[in-house]
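# need a 3D model of the sequence below.
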Amino acid sequence: MPAVSQDPNQQILTSHAGSLPRTPELIEANAAREFEEDGFTLKRTPEFERLLAEAVKGLVARQKEQGITVPGDGEFGKAMSSAVDYGAWWSYIFQRVEGLELTGEDLFTWPHYESSPGDIKLTNMLNRRDWVKFADAYADPASGIATGKTATDFPAITGPLKYKGQEQIQQDVQNFRAALDAAGYETGFITSLAPGCAGRIADDYYSSEEERIYAWADVLREEYKAIIDAGLIVQLDDPSIAENWDQISPEPSVADYRKFTQLRIEAANYALRDLPEEQIRFHLCWGSWHGPHTTDIEFKHIVDLMLQVNAKYYSFEAANVRHEHEYTVWEDVKLPEGKVIVPGIVSHATNVVEHPELVAQRITRFAERVGRENVIAATDCGLGGRIHPQIANAKLEALGEGAKLATEQLW
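Residues are numbered from 1 along each chain as shown. Presented below is the predicted three-dimensional model:
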């Protein structure tokens with residue numbers, strides 16, 4: 001099955017980064033779900049499954065109307081319990097894996113067990129360098145930069161990891177496949193967590209960082225294969241490649257950080273071994289919370305690491321004001337033959353809706369540097385849980401309109 005549903009040699013294709021706003025009914029249904037005995041796995045019922053399937057069908061139809069040519073399932077199968085739930089993109093996996101249990105630690109306060117070149121250790125979320133630098137702003141509920149909550153608590157590793165999410169991923173695939181067929185798409189993408197991101201939770205079982213991350217790679221490979229075997233594109237979500245930088249204090253050298261990150265790249269490729277690159281997408285970002293981001297690592301220091309991942313498509317932030325200027329990276333970095341970049345052209349970090357002319361200008365910047373056939377215009381990060389649904393829909397419409405303008409200019 002082709003990787004995308006239109007010919008990139010005739011137009012600028014459009015997509016997004018993954019999460020899209022859930023319907024009020026789906027959010028309400030998720031919030032009402034009960035937990036299994038482990039305390040963090042949400043129960044699924046036939047009524048919920050029917051609601052979910054209809055929501056995905058409606059979402060894909062809307063993407064068609066908005067001019068999105070490479071659609072996603074919006075991560076609807078990944079539970080969000082409120083409109084400001086930021087964690088579904090990675091917390092979902094803990095409901096699909098054995099070897100985890102609640103230990104009383106949480107995302108913001110647990111100690112991390114990472115150690116690598118230069119004695120690099122990840123601090124907990126609350127001690128990120130940017131969060132410490134802007135502590136007053138983060139502590140002020142009126143600042144608008146709160147990070148929200150997640151639908152489930154975060155477990156720790158207490159035994160050997162094993163994938164148990166076969167039924168859930170097959171349901172995600174079936175819902176999306178049916179929605180694509182109904183809307184007239186050939187294919188689309190489903191997101192899945194990368195080993196490096198999964199490996200950041202507390203670990204009371206594995207003896208080393210490398211052992212833990214490769215264990216996650218073995219687990220997640222099963223999910224990647226299920227998506228690919230259905231003729232869909234799998235997107236590996238790995239913000240940790242960039243945002244781990246801010247979670248290391250004191251700031252490490254770039255060389256040490258690159259060595260620290262290399263393990264995560266190699267684990268991703270291990271999980272992707274022998275899988276078809278034309279059905280693989282990789283997403284990198286600097287974290288999606290609405291904060292200052294003044295301590296982000298520069299893209300130029302990690303772009304070659306990103307390109308080492310065995311994927312055809314590379315999604316990254318390029319529209320928010322902290323990283324928009326970095327399109328010039330592609331003047332010095334040659335995109336390998338057969339690869340495609342999927343830069344963010346509209347941002348999740350502002351309620352201002354980008355003008356289609358600006359969208360076209362941003363697209364053209366990349367097209368002039370890597371070739372018009374090697375660009376898919378997308379969003380910086382997921383829009384679900386970060387901006388109001390009306391605004392998210394307006395941004396996707398602006399993206400579609402801007403891509404048409406860029407197509408007229410470039411062809």
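# the nearest residue to residue 341 once chain neighbours are set aside: neighbouring residues, count only.
What sits nearest to residue 341 in space, not counting adjacent residues and going by C-beta to C-beta, 6 or more residues apart in numbering, is residue 314, at 5.3 Å. For every residue, glycine as well, the C-beta is placed using N, CA and C. By other C-beta atoms under 10 Å, 21 other residues sit near residue 314.
# go on, residue 211?
Neighbours around residue 211, by other C-beta under 10 Å: 12.
# pLDDT at it, what is it?
pLDDT, residue 211: 95.
# cool, residue 151 as well?
Listed pLDDT for residue 151 reads 61.
# what's the answer for residue 128, then?
84.
# check contacts around it.
With contact set as C-beta atoms under 8 Å, 6 or more residues apart in numbering, residue 128 has these partners: 246, 247, 249, 295.
# show me the contacts for the third one.
If a contact means C-beta under 8 Å, 6+ apart, then residue 249 has 123, 127, 128, 129, 132 as its contacts.
# next, count neighbours for the fourth one.
A count of neighbours around residue 129, defined by other C-beta under 10 Å, yields 18.
# helices of the stretch 1-150 of the chain, start to end?
According to DSSP state H, counting those that start in this stretch, the stretch 1-150 of the chain carries its helices in the segments 24-32, 46-66, 88-91, 129-133, 135-139.
# now for the shortest one, which elements pack on it?
Same thing as helix 88-91. strand 189-193 (3 or more C-beta pairs under 8 Å, 6 or more residues apart in numbering; DSSP states H and E).
# tell me the mean pLDDT over the strand it packs on?
97.
# same question for stretch 242-251.
If you average the pLDDT over stretch 242-251, you get 90.
# same check on stretch 66-79?
In the prediction, stretch 66-79 has an average pLDDT of 95.
# measure it end to end?
Terminal residues of stretch 66-79 lie 24 Å apart, using C-alpha to C-alpha, to the nearest Å.
# tell me the buried residues in it?
66-79 (16 or more other C-beta atoms under 10 Å).
# which one of those residues is nearest residue 306?
For the buried residues of stretch 66-79, the closest approach to residue 306 (C-beta to C-beta) belongs to residue 70, at 18.9 Å.
# could you pull out the strands for the stretch 101-250 of the chain?
Using DSSP state E, counting those that start in this stretch, the strands of the stretch 101-250 of the chain run over 156-163, 189-193, 233-237.
# so which of the ones you listed is nearest residue 210?
strand 156-163 (14.0 Å).
# what mean pLDDT does the closest one get?
Per-residue scores along strand 156-163 average to 94.
# also stretch 403-411?
Stretch 403-411 comes out at a mean pLDDT of 97.
# before we move on, what about stretch 261-277?
97.
# neighbouring contacts of it?
116, 194-196, 199, 209-210, 213-214, 216-218, 220-221, 224-225, 228, 236, 238, 240-241, 244, 280, 282, 302, 305, 308-312.
# ditto for stretch 298-305
Defining contact as C-beta under 8 Å, 6+ apart, one finds that stretch 298-305 is touched by 241-242, 254, 257-258, 261-262, 265, 284, 316, 323, 326, 329, 332-333.
# again, 10 Å this time
241-242, 245, 254-255, 257-258, 261-262, 264-265, 284, 286, 306, 314, 316-318, 323, 325-330, 332-333, 335, 341 (C-beta atoms under 10 Å, 6 or more residues apart in numbering).
# do the same with stretch 165-172
Here stretch 165-172 makes contact (C-beta under 10 Å, 6+ apart) with 41, 44, 49, 52-53, 56, 73, 75-78, 92-98, 163, 190-192, 219-220, 222-227, 230, 232.
# just to revisit the earlier point, show me just the buried residues among the contacts of stretch 261-277.
116, 194-196, 199, 209, 213-214, 216-217, 220-221, 224-225, 228, 236, 238, 240-241, 244, 280, 282, 302, 305, 309-312.
# picking that back up, mind checking which of the contacts of stretch 165-172 are buried?
By 16+ other C-beta under 10 Å, these give 41, 44, 52-53, 56, 73, 75-78, 92-97, 163, 190-192, 219-220, 222-227, 230, 232 as buried.
# what sits against the most centrally placed residue in the chain?
Using C-alpha atoms, centre = their mean, the residue of the chain that lies closest to the mean C-alpha position is residue 237, 3.8 Å off. Neighbouring residues of residue 237 by C-beta under 10 Å, 6+ apart: 17-19, 75, 89-90, 93, 191-194, 197-198, 281-285, 315, 381-382.
# with residue 199 instead?
By C-beta under 10 Å, 6+ apart, residue 199 lies in contact with 112-114, 157, 193, 206, 209-217, 240, 263-264, 267.
# and it, how far is that from residue 264?
Separation of residue 199 from residue 264 (C-beta to C-beta, to the nearest Å) stands at 8 Å.
# coming back round to it: for PyMOL, what selects the buried ones among the contacts of residue 237?
In PyMOL, a selection of the buried entries from the contacts of residue 237 looks like this (16+ other C-beta under 10 Å):
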select buried, resi 17+18+19+75+89+90+93+191+192+193+194+197+198+281+282+283+284+285+315+381+382
